[in-house]
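*Asks:* here is my input; please provide its structure:
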Amino acid sequence: MSSPSAAPPAPNNLKRIVAASLIGTTIEWYDFFLYGSAAALVFNELFFPDSDPLVGTLLSFLTYAVGFAARPIGALVFGHYGDRLGRKKLLVLSLLMMGGATFAIGLMPTHATIGSMAPILLTVLRLVQGFALGGEWGGAVLLVSEHGDARRRGFWASWPQTGAPAGQLLATGVLALLTAVLSESAFGSWGWRVPFLLSGVLVIVGLWIRLSVDESPVFKEALKRAEARKADAPAERMPLVAVLKHHWRDVLVAMGARMAENISYYVITAFILVYATTSAGVSRQTALNAVLIASALHFAVIPAWGALSDRWGRRPVYLIGAVGVGLWMFPFFALIDTGGFGALLLAVTVGLVMHGAMYAPQAAFFSEMFATRMRYSGASIGAQFASVAAGAPAPLIATALLSDYGTSTPIALYVIAASLLTVVAILAAKETRHRDLADVSPGTEDGTGTPVTTGRTEDARAL
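*Replies:* Okay, here's the model as predicted:
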């Protein structure tokens, strides 16, 4: 294995790469979370008006979950072409698709105008959002990981991860501002459209920045090696096939690692808007303000956790988050039940700080598991397939449990069970902190007589 002390890239270039990934992921998560917040607050009335309020919320969250179902498909498609064509091209495409779908939601007629076609069109646009986001995450974190200084990879790769709380912060902030200055009737009539239409402006900014950065040097070098060996090499395998053959354990570890991270996040940031307003008697504005402030703190702690993963390792930091979020669930709901803003803010903040300990090292951790010419596919598949079982149904399951039992206890147990799954996955994983993403040492045989890796070293065959 090569030393991780290889010369780092020029600081200015790396900062530009980090900025491009961060701004792009912020925009994409803004679009995605905006839908989740709107689903909790107004979509039940606008698109499912004939249902009982809680049932309407369930149906609204169901369309929200549909976006997650499209994410694995996006991971497969974007991962395949990202490993063949490069990270940058696919990131530009994902940004355009996500922004276009979000802007279109802002123009959509509601149930009052076109009846049942409204929720159908909403679902289609949500599918496009999910498909785009399925390809976004892997490309963004790989672009930074493959450019960055190996000794500080956890820190630098954690910055695209801050796009999630930044997007949450932006989406919640815009909604909080609108609900504060508009009457409920004005917000329900036209105000909810404004944040979706703003996405068009954000996409133009993000696109300009993303087009200005260079392709990953690690990927370009692997592509050169593949081109040089084309005449003598056996037929290429699809990256997906190579991932499932040589990295299936890593895919399972990544999926398990995402259980607590994904489920806890959507319970803490999306379901809380339902629970706090319906069970704890908290106003919609108060709940939004708490998520807004906590998201700002979440943004701040992610790079700190990423830096700690460079010092302590990916696994120890991840375990802190998985155990911490499980232990926090009963106090989390107890604090919300008090109905006080301070208690609500403390509940959400501590939950998101614990979540950050999982989310921060995740980018470097998953990147280090896979070889370059199958890294986009491997990281994306592991992350996005887990989202179908984790984040997608989390608000839906939590809302259904609340409807059936009328108490938060089964919801807390649900998150604790996810935490236990993640702890098992992390304990089964190997530490990756010192792996060199550009290492070309031979590994195991792939059946063609050509050396490849199993995650510790680079794919010498350069698929």
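
*Asks:* use CA for all of it now, contacts and neighbours both
*Replies:* OK.

*Asks:* all strands for this protein, in order.
*Replies:* Applying DSSP state E to the chain gives strands spanning 444-445, 451-452.

*Asks:* ok, for residue 89, nearest residue in space, not its chain neighbours?
*Replies:* Nearest residue to residue 89, sequence neighbours excluded (C-alpha to C-alpha, 6 or more residues apart in numbering): residue 82, at 7.7 Å.

*Asks:* quick revisit: of the strands of the chain, which shows the lowest average pLDDT?
*Replies:* Mean pLDDT is lowest for strand 444-445 out of the strands of the chain, coming in at a mean of 34.

*Asks:* how about residues contacting stretch 420-428?
*Replies:* Outside stretch 420-428, the residues that touch it by C-alpha atoms under 8 Å, 6 or more residues apart in numbering are 252-254, 256-260, 315, 318-319, 322-323, 326.

*Asks:* can I get these in CSV with neighbour count and distance to residue 275?
*Replies:* Shown next, in CSV, are the contacts of stretch 420-428 (neighbours: other C-alpha atoms under 10 Å; distance: C-alpha to C-alpha, whole Å):
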residue, neighbour count, distance to residue 275
252, 18, 32
253, 23, 31
254, 28, 30
256, 25, 27
257, 31, 26
258, 30, 23
259, 26, 21
260, 28, 19
315, 23, 32
318, 29, 27
319, 22, 28
322, 29, 23
323, 19, 23
326, 22, 18
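
*Asks:* hmm, back to that, burial of the residue nearest to residue 89, as a residue count?
*Replies:* Using other C-alpha atoms under 10 Å, residue 82 has 26 neighbouring residues.

*Asks:* what pLDDT does the model give it?
*Replies:* With respect to pLDDT, residue 82 has a value of 82.

*Asks:* coming back round to it: now intersect the contacts of stretch 420-428 with the helices, please.
*Replies:* 252-254, 256-260, 315, 318-319, 322-323, 326 (DSSP state H).

*Asks:* how close does residue 152 get to residue 283?
*Replies:* Distance, residue 152 to residue 283, using C-alpha to C-alpha, to the nearest Å: 43 Å.

*Asks:* so for the two, which residue has more residues nearby?
*Replies:* residue 152 (21 against 15).

*Asks:* what pLDDT does that one get?
*Replies:* With respect to pLDDT, residue 152 has a value of 88.

*Asks:* close enough to count as contact, it and residue 307?
*Replies:* Yes. The criterion here is C-alpha atoms under 8 Å, and residue 152 meets it with residue 307 at 7.0 Å.

*Asks:* low-confidence bits of this protein, can you list those?
*Replies:* 1-12, 40, 48, 50-61, 63-65, 148, 226, 228-237, 239, 438-463 (pLDDT under 70).

*Asks:* for the residue nearest to residue 356 when sequence neighbours are not counted, what are its contacts?
*Replies:* Nearest non-adjacent residue to residue 356, counting by C-alpha to C-alpha, 6+ apart: residue 302, 5.3 Å away. By C-alpha under 8 Å, 6+ apart, the contact set of residue 302 is 158, 159, 161, 162, 356, 357, 359, 360.

*Asks:* again with residue 165
*Replies:* 26, 295, 296, 298, 299.

*Asks:* redo those residues as a markdown table? Include distance to residue 204.
*Replies:* Formatted as a markdown table, the contacts of residue 165 follow (distance: C-alpha to C-alpha, whole Å):
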| residue | distance to residue 204 |
| --- | --- |
| 26 | 13 |
| 295 | 24 |
| 296 | 24 |
| 298 | 26 |
| 299 | 23 |
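
*Asks:* out of the residues you listed, list just those in helices.
*Replies:* 26, 295, 296, 298, 299.

*Asks:* if I look at the closest residue to residue 25 other than its chain neighbours, how far off is residue 214?
*Replies:* Nearest residue to residue 25, sequence neighbours excluded (C-alpha to C-alpha, 6+ apart): residue 163, at 4.9 Å. Taking C-alpha to C-alpha as the measure, residue 163 falls 20 Å from residue 214.

*Asks:* do residue 249 as well
*Replies:* The value you get for residue 249 to residue 214, if C-alpha to C-alpha is used, is 32 Å.

*Asks:* same thing with residue 351?
*Replies:* 36 Å.

*Asks:* who has more neighbours out of these two?
*Replies:* residue 351 (27 against 14).

*Asks:* how about the contacts made by that one?
*Replies:* Here residue 351 is in contact with 264, 268, 325, 328, 329, 332 (C-alpha under 8 Å, 6+ apart).

*Asks:* my guess is residue 384 contacts residue 76, does it?
*Replies:* No. The criterion here is C-alpha under 8 Å, and residue 384 misses it with residue 76 at 9.2 Å.

*Asks:* so the two - more neighbours on which side?
*Replies:* It is residue 384, of residue 384 and residue 76, that has more neighbours when counted by other C-alpha under 10 Å, with 30 against 23.

*Asks:* OK, contacts around the closest residue to the more buried one other than its chain neighbours?
*Replies:* Counting by C-alpha to C-alpha, 6+ apart, residue 384 lies nearest to residue 72, which is 5.0 Å off, once chain neighbours are set aside. Residues near residue 72 by C-alpha under 8 Å, 6+ apart: 131, 134, 380, 381, 384, 385, 388.

*Asks:* any chance of CSV for those residues, columns distance to residue 287?
*Replies:* Putting those into CSV (distance: C-alpha to C-alpha, whole Å) gives the following:
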residue, distance to residue 287
131, 29
134, 29
380, 32
381, 34
384, 28
385, 30
388, 26
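
*Asks:* among these, name the buried ones.
*Replies:* 131, 134, 380, 381, 384, 385, 388 (16 or more other C-alpha atoms under 10 Å).

*Asks:* those residues in helices, which ones?
*Replies:* Per DSSP H, the buried ones among the contacts of residue 72 map to helices at 131, 134, 380, 381, 384, 385, 388.

*Asks:* tell me the contacts of the fourth one?
*Replies:* Looking back up the chat, that one is residue 381. Applying C-alpha under 8 Å, 6+ apart, the residues near residue 381 are 72, 75, 76, 79, 251.

*Asks:* repeat that for 7 Å
*Replies:* 72, 75, 76 (C-alpha atoms under 7 Å, 6 or more residues apart in numbering).

*Asks:* separation between it and residue 105?
*Replies:* Taking C-alpha to C-alpha, one finds residue 381 at 27 Å from residue 105.

*Asks:* do the third one as well
*Replies:* Residue 380 sits 26 Å away from residue 105, taking C-alpha to C-alpha as the criterion.

*Asks:* columns distance to residue 200 on top of the ones in helices among the contacts of stretch 420-428, output as JSON lines?
*Replies:* Shown next, in JSON lines, are those (distance: C-alpha to C-alpha, whole Å):
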{"residue": "252", "distance to residue 200": "37"}
{"residue": "253", "distance to residue 200": "37"}
{"residue": "254", "distance to residue 200": "33"}
{"residue": "256", "distance to residue 200": "35"}
{"residue": "257", "distance to residue 200": "34"}
{"residue": "258", "distance to residue 200": "30"}
{"residue": "259", "distance to residue 200": "32"}
{"residue": "260", "distance to residue 200": "33"}
{"residue": "315", "distance to residue 200": "39"}
{"residue": "318", "distance to residue 200": "36"}
{"residue": "319", "distance to residue 200": "39"}
{"residue": "322", "distance to residue 200": "36"}
{"residue": "323", "distance to residue 200": "40"}
{"residue": "326", "distance to residue 200": "38"}
